[in-house]
Structures are given as structure tokens and as C-alpha cells.
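Student: Generate a structure from the sequence data that follows.
(one chain, ligands or ions: 1)
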Amino acid sequence: MLASALSANLGLPLLNFVLEKLVIGCAVAMAVALQSEFRRFLEQLGRGEFWQLFHHHRLAVPKSDSVIDEIVEAVKELSKNRIGALLILETTGPIDERDFSVPGVKLNAEVSKELIQTIFQPKTLLHDGATLIRASRIVSSGIILPLSGRTASRQLGTRHRAAMGITERVENCICVVVSEETGSISLAERGTLYRPLTIRKLKESLESKLSPTVDREAVAPGLFSLMRQIGSKALALVPRLLKITIDRFSR
Ligand SMILES: Nc1ncnc2c1ncn2[C@@H]1O[C@H](COP(=O)(O)OP(=O)(O)OP(=O)(O)O)[C@@H](O)[C@H]1O
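Tutor: This next block holds a predicted model:
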């Protein structure tokens, strides 16, 4: 922007034109690339969570290896028996339940493979919806999540779109999905679904993301985090836009 103003003052119309287009291109590209970060930022602002916007916290919610083993064992059984399931695992700090469409039923029970499997049995009252796990506790079940609106995910059913939806909005969680139709296992993180996963790959992923020894960064899309993302994405975009503009004008 500075260079654009400078070129206008120095009487360099072509350079000024190119730079102006570059600034507009960057702004549009950034608005598209960072739409979910902006939405979360505005939601926090709307809730009056001003302190969190500036607070860069490292609040880990670690899961011990035995908790990870219980989760993996339960997922293995559910997948083998083609029982649909959706688990929300907190990674760094508690999720704000206002991010859920319906908060579900409080359980506050110790994580065990038996309990996870029981919750998702099709005849139980709580099998519909998601189950939230915080550290070594099952917090609640029957949670209804916001669905992802991504076009690519329209072919997927609502269970998978719900996993994408919540991880798109909330950075401090990942979701594990078991498909009722195929038994396939997926992991959703930051709005992206990784699938199908083998049990071994799931265990490795959970260990790397949830193990207490992993130093994880927080979570709430604070102002600094948003600014950092804008900065890095803008830097990555500039050379590409510059090349496109130069190519266009050299023709
Ligand atoms: N918004 C939501 N939040 C949480 N769970 C949901 C939500 N919508 C649907 N579900 C769960 O997903 C189930 C429906 O799954 P559906 O068949 O539409 O999805 P899918 O992604 O194709 O999964 P599957 O492969 O298991 O069939 C519901 O019975 C419910 O348990």
C-alpha cells in the first residue's frame, strides 16, 4: 500500500496500477483463505471475550497413554462391528459449549473402552450425536454439532460433516469418526477430514496430538494468532500475485 501511494506520487502510473491490483488481490485472497479464522475471531469479539483475544495461552489438556489406548480399543471394536461413532477430543484447553448446537447430556465419567462402546450402541438413548472427552473424563454425550458447509464435504453424511464443522470452528479439538456404513475411521482436524485411517495410524496420530509430553500451542484464535496467520499467508501470496501481474503485463 505504501509502495502504491509512493508510485502515485512519483508519477509512475503503470507501477501504481500494478500495485493497486496486487493490494486488492491480496485482500480478497486473504478474506477467502482466512474465513474460518475471521469468523471465530468475530464470534469471540461478539461474546465480549476481549481478554482472550490478547491472551496467548498454553493450557494443555493431556491424555495419558492409557486413555489413548482405551479410546483406540473402543474405536477398533466399533469399526469392526460397524457401529457409527463420533468423539470430540479436546487438545489444549476446554471447549466452550456454546460452540455446540445442542450441548447433550452430562456424564462426567472416567474414559473406558467399555463405556465408549456402550454409548454408541444403536439402541441407547445417547448414541445419536457426539461424545466429548476432556483429559481422562467423558464429559457428555448426545451433543449436536454445527455442520461444515464446505462444498467438497456435501458427498459425506452428517456425522462426518459435523466432525468437520466443529473442528473448523474450534481449534482446540480433534474428532474421531467411525462410519456406520463402512466401519471406516476418520480423524477431523481444523475442518479437514483424514480418512480412511488404520487403527495403527489413528493411535500414532492421537499420541502425537494428545500425549502429555507434546508441547502444544493454544487454541483460542487470539488476535496475535490471527495476525500471525495473516502475515504468513500474505507473505506466501505476494510472490505469486506479483508473478501473475508481471506475466499479464509482459504479454
Ligand atoms: N450435527 C450433528 N452432530 C452430531 N452428530 C450428528 C449430527 N448429525 C448427525 N449426527 C450423527 O450421525 C448420524 C447420521 O449419520 P449419517 O449417515 O447422516 O452420516 P455419515 O457421515 O454418512 O455417517 P455413516 O457413515 O456413519 O452413515 C446420526 O444418527 C447422528 O448420530
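
Student: Now do whichever helix or strand residue 167 is part of: which elements does it pack against?
Tutor: Using DSSP states H and E, residue 167 sits in helix 158-169. Packing partners of helix 158-169 (3 or more CB pairs under 8 Å, 6 or more residues apart in numbering; DSSP states H and E): helix 35-46, strand 85-90, strand 130-134, strand 173-178, strand 185-189, strand 192-197. For the C-beta atoms, the positions are set from N, CA and C on the backbone; glycine is no exception.

Student: What are the buried residues along that helix?
Tutor: Of the residues in helix 158-169, 159, 160, 161, 162, 163, 164, 165, 166, 167, 168, 169 count as buried by neighbour count, 16 or more other CB atoms under 10 Å.

Student: Name the SS class of the residue lying closest to residue 105 once chain neighbours are set aside, please.
Tutor: When the adjacent residues along the chain are set aside, residue 105 lies closest to residue 142, with 5.0 Å between them (CB to CB, 6 or more residues apart in numbering). Of the three states, residue 142 takes strand under DSSP: H, G, I helix; E, B strand; the rest coil.

Student: ok, how many other residues are close to residue 142?
Tutor: By the criterion of other CB atoms under 10 Å, residue 142 has 18 neighbours.

Student: Am I right that it is in contact with residue 120?
Tutor: No. Using CB atoms under 8 Å, residue 142 makes no contact with residue 120, being 10.8 Å away.

Student: anything in contact with each of the two?
Tutor: Between them, residue 142 and residue 120 share these contacting residues under CB atoms under 8 Å, 6 or more residues apart in numbering: residue 131.

Student: Tell me which helix or strand residue 124 sits in.
Tutor: In the assignment (DSSP H and E), residue 124 maps to no helix and no strand.

Student: In terms of helices and strands, where is the residue lying closest to it once chain neighbours are set aside?
Tutor: In this structure, residue 124 finds its nearest non-sequential neighbour in residue 118, 6.7 Å apart by CB to CB, 6+ apart. Residue 118 is part of helix 113-119, with elements assigned from DSSP H and E.

Student: quick one: contacts of that helix?
Tutor: For helix 113-119, contacts defined as CB under 8 Å, 6+ apart pick out 70-71, 73-75, 77-78, 83, 85, 87, 109, 124, 126-127, 131, 138, 141.

Student: Now which of the residues you listed would you call buried?
Tutor: 70-71, 73-75, 77-78, 83, 85, 87, 126-127, 131, 138, 141.

Student: Show me which of those residues is closest to residue 11.
Tutor: Proximity of these to residue 11 (CB to CB) peaks at residue 87, which lies at 62.9 Å.
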